[in-house]
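Colleague: Need the 3D shape of this:
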Amino acid sequence: MLGILTALLSGALMSVQGVFNTEASKNVGLWTATCFVQFSALCVCLVFWFFTGRTSFGELFAMPHKWALLGGVLGAFITVTVIKSMASLGPARAAMLIVTSQILVAYVIELLGWFGTQQQPFEWKKVWGMLLTILGIIIFKW
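Modeller: Okay, the predicted model is just below:
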């Protein structure tokens, strides 16, 4: 249950953040807004790190899969693409397409067992669910 609530909160926060970031980029520019978003996220993370058990940053260099450290790089591009999509499509359409893309890519990652995930078997019901999601987007657009 906690996982479901956390996922719902995450989706809500992403939608609100996208609107905030889009508005900020209108006033100060795309990359300036993105820099501030990433910098403010760093500040918040450092505060939480300071108060919640400080794992050494040196442990990052001992990680066996260095590609796992690219999340921040992806985060910068996520911020930029969310801003651009919300500015051109509006928050609701952009969020629907973003979530649909997340589901599709996550399913492919599970099917192929990429990035250390446990490989899952193909299931037609998941494909039908994805098609229903896409149909929902088409209906919403009209």
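Colleague: Spatially central residue for the chain, please.
Modeller: In the chain, the C-alpha nearest the mean C-alpha coordinate belongs to Ile78, at 6.6 Å (Cα atoms, centre = their mean).
Colleague: Where does it sit, in terms of helix or strand?
Modeller: Per DSSP states H and E, Ile78 falls inside helix 71-89.
Colleague: swap in Val37?
Modeller: Here Val37 is assigned to helix 30-51, by DSSP H and E.
Colleague: which residues sit in contact with Ser15?
Modeller: By Cβ atoms under 8 Å, 6 or more residues apart in numbering, the contact set of Ser15 is 91, 95. All C-beta atoms are positioned from the backbone trio N, CA, C, and that covers glycine.
Colleague: how near is it to Val99?
Modeller: 10 Å (Cβ to Cβ, to the nearest Å).
Colleague: Give me the common contacts of these two.
Modeller: Counting by Cβ under 8 Å, 6+ apart, nothing touches both Ser15 and Val99.
Colleague: So for the biggest helix by length in the chain, what gets flagged as buried?
Modeller: When the chain is parsed with DSSP state H, its longest helix is helix 2-28. Using 16 or more other Cβ atoms under 10 Å as the test for burial, helix 2-28 gives 14-15, 18-19, 21-22, 24-25.
Colleague: Dump the residues you listed into a markdown table; add distance to Leu2 as well.
Modeller: Formatted as a markdown table, the buried residues of helix 2-28 follow (distance: Cβ to Cβ, whole Å):
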| residue | distance to Leu2 |
| --- | --- |
| Met14 | 18 |
| Ser15 | 21 |
| Gly18 | 24 |
| Val19 | 26 |
| Asn21 | 27 |
| Thr22 | 30 |
| Ala24 | 31 |
| Ser25 | 34 |
